[in-house]
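In: Turn this into a model:
(one chain, ligands or ions: 2)
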Amino acid sequence: MDISCIILAAGDGKRMRSSLPKVLHSICGTTMLSSVLNTAEKLIPNKIIVVAGRHMDLIKKSVQAKDVLFAMQKEPKGTGHAVQCAEPELKGFKGTIVVLNGDSPLVRPETIRKFLRLHESKKNSVSVLSFIAEDPAAYGRVVRNISGEVTAIVEDKNADKAEKKIDEVNSGVYAISYDVLYLLDEIRMNKTKREYYLTDIISLSIKKGLKTSAFCIGREDEFMGVNTKEEFYRASHMMRESIIKKWSKKGINFINTDSVFIGPEVSLGLGTTIYPNVYIEGKTRIGRGATIYPNVRISNCIIGRNVIIKDSTVIEDSIIKDGASIGPFAHIRPGTEVGSGARIGNFVELKKAFIGDKTKASHLSYIGDAKIGKDVNIGAGTITCNYDGEKKHITMIGDGVFVGSDTQFIAPVKVGKGAYIGAGSTITGDVPAGALALSRVRQKNLLGWAKNKQRARSKEQRARKGKEKKIT
Ligand code: UD1
Ligand code: CA
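Out: Ligands and ions are numbered 1, 2, ... in the order given. Just a heads-up that it's a prediction; the model follows:
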């Protein structure tokens, strides 16, 4: 089936009481909008159109997926109006339009596919996906006639006593055939909220004698909409639990699952052990047999096999190869690659750094904009001085170099293979391969200096006391 997806994300989200647009609130490190976009992408649609409003710039910035179109809804005049705003982007598309709510982050592609199969098999013009809600008050009620056919969707604010008792509700997922999009123009403004409700497309479609169904195939834990902070916490909790359950089944060892957050797009290798208070976010991939100790955050990284990430470490947008060990208390900033078997120890910060295989930077260093070869030893307190106040410069260190403690590299600078840098050096120029570079003042020992100083001080004290006596 040829489909296009429209994701509604232009609402004000007032009920969240937050300055951040509602759909940009993150669950397990992924925004609600991204979760819905991921679901949409899995349906392999012709087009994906995100309808956004006054937060358009923020929303565009947050979307990493390619090939997403954006439609502007200047004022949030309702869900019906929002779909209308996306219409120009659908120009020339002849298929089924799938509408998804940006604030329903738990929706799974399998359920949408099942819904679309039903829509297609019934040759419907309009279909809506419904579910049974424990507390239906936050949703539109699905009204059916005595034959069980859907007749309308009524919002809580407009529902009468009998309708309020209905527990079958609208999920906000619709399938609409392109040739009945004209129905959108016939939606009248709802007087209670002064909005154009997409839900009205159901009764309009029926009135025109078009084939229309509500398929009650959803479950609340998949289709819950997030309108308030409370609902957001509930959705976060549900997503976290289901992800942990999935990975437990696949053989991941959790010491305690209570405060472990794993994003929906993360993949974990068999036999990996995860300690409490760990956040693994974005499109992170972790290989087999990794150990992730407590208080670690890993975001958008590729982590190889048998890697050890020790306590209180942050790793962002980086690659860590097989058998490397990072932390405790390390900060691996974007654009870094740590080679196989390398060791990055406590209080080491790496940024845009390429670290060769088996290289060690075990303590207290800053390595930024650098290319470090393999088997290099970086002594404690080494700093690449990469910034001259205007531009960033590169430090290049060849294979097998030994860098003594407390060294500063004033970039741009190159150190050839196998060179040695004496501890405490400030390296301002290139070092040839195999050389020893020293840039510190030769040590002087002034023999008896302490005793002489003591003597001078005693003499001074005696002189001062003599003066005081004379005055009194
Ligand atoms: C909507 C449905 C309700 C359904 C529920 C499912 C309507 C009138 N009601 O209610 O029947 O049970 O979703 O969760 O459709 N949006 C826009 N532009 C707007 C208004 C909203 O893009 O002008 C977006 C929002 O950002 C949100 C989605 O549409 O992602 C739903 O809007 P929301 O205001 O949350 O609708 P509900 O009251 O939850
Ligand atoms: Ca909602």
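In: mind checking how far the residue of the chain found nearest ligand 2 is from Val107?
Out: Nearest residue of the chain to ligand 2: Gly225, at 3.5 Å (CB to the ion). For the C-beta atoms, the positions are set from N, CA and C on the backbone; glycine is no exception. As judged by CB to CB, to the nearest Å, Gly225 and Val107 stand 10 Å apart.
In: ditto for Thr395
Out: Distance from Thr395 to Val107, by CB to CB: 48 Å.
In: ok, and the closest non-adjacent residue to Val107?
Out: Leaving aside its sequence neighbours, Val107 sits nearest to Thr39 (CB to CB, 6 or more residues apart in numbering; 5.2 Å).
In: In contact with that neighbour, which residues are there?
Out: 100, 107-109, 112 (CB atoms under 8 Å, 6 or more residues apart in numbering).
In: try 10 Å
Out: Neighbour list for Thr39: 5, 7, 98, 100, 104-112, 173, 264 [criterion: CB atoms under 10 Å, 6 or more residues apart in numbering].
In: just Glu195 next, same as before
Out: Residues counted as contacts of Glu195 (CB under 10 Å, 6+ apart) are 11, 76-82, 155, 187, 189.
In: Put the buried members of the residues you listed into a ChimeraX selection.
Out: In ChimeraX, this line selects whichever of the contacts of Glu195 come out buried by 16 or more other CB atoms under 10 Å:
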select :11,76,77,78,79,80,81,82,155,187
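In: Closest one of the contacts of Glu195 to Gly269?
Out: Gly11 (39.2 Å; CB to CB).
In: wait, isn't that closest one in contact with Leu33?
Out: No. Using CB atoms under 10 Å as the test, Gly11 is too far from Leu33 to be in contact (11.7 Å).
In: List the buried residues for stretch 174-191?
Out: Neighbour-count burial for stretch 174-191 [16+ other CB under 10 Å]: 174-177, 180-181, 183-184, 187, 190.
In: how many neighbours does Thr257 have?
Out: Applying other CB atoms under 10 Å, we find 16 other residues in the vicinity of Thr257.
In: Next: Tyr197.
Out: Using other CB under 10 Å, Tyr197 has 22 other residues around it.
In: Next one, pLDDT for it please.
Out: Tyr197 carries a pLDDT score of 98 in this model.
In: and it, what is it in contact with?
Out: 78-81, 140, 153-155, 158, 187-190.
In: thought Ala380 was touching Gly345?
Out: Yes. Counting by CB under 10 Å, Ala380 touches Gly345, with 8.8 Å between them.
In: For those two, list the residues in contact with both.
Out: 361-365.
In: if you look at the residues you listed, which of them are in strands?
Out: 361-365 (DSSP state E).
In: quick one: which of these is most hemmed in?
Out: Within these, neighbour counts (other CB under 10 Å) peak at Ala361, which reaches 27 neighbours.
In: ok, that one touching Val338?
Out: Yes. Counting by CB under 10 Å, Val338 is a contact partner of Ala361 at 9.4 Å.
In: shared neighbours of these two, which are they?
Out: Contacts common to Ala361 and Val338, judged by CB under 10 Å, 6+ apart, are 330, 344, 350, 353, 355, 372.
In: tell me the secondary structure for Gly400?
Out: Following DSSP: H, G, I helix; E, B strand; the rest coil, we place Gly400 in the coil state.
In: For it, give its distance to Ala463.
Out: 61 Å.
In: Which one of those two is surrounded by more residues?
Out: In this view Gly400 and Ala463 are compared by other CB under 10 Å, and Gly400 has more residues nearby, 19 against 9.
In: What score does that one have for pLDDT?
Out: Confidence at Gly400, expressed as pLDDT, is 98.
In: Repeat that for the one 5 residues further on.
Out: Turning to Ser405, the model gives it a pLDDT of 98.
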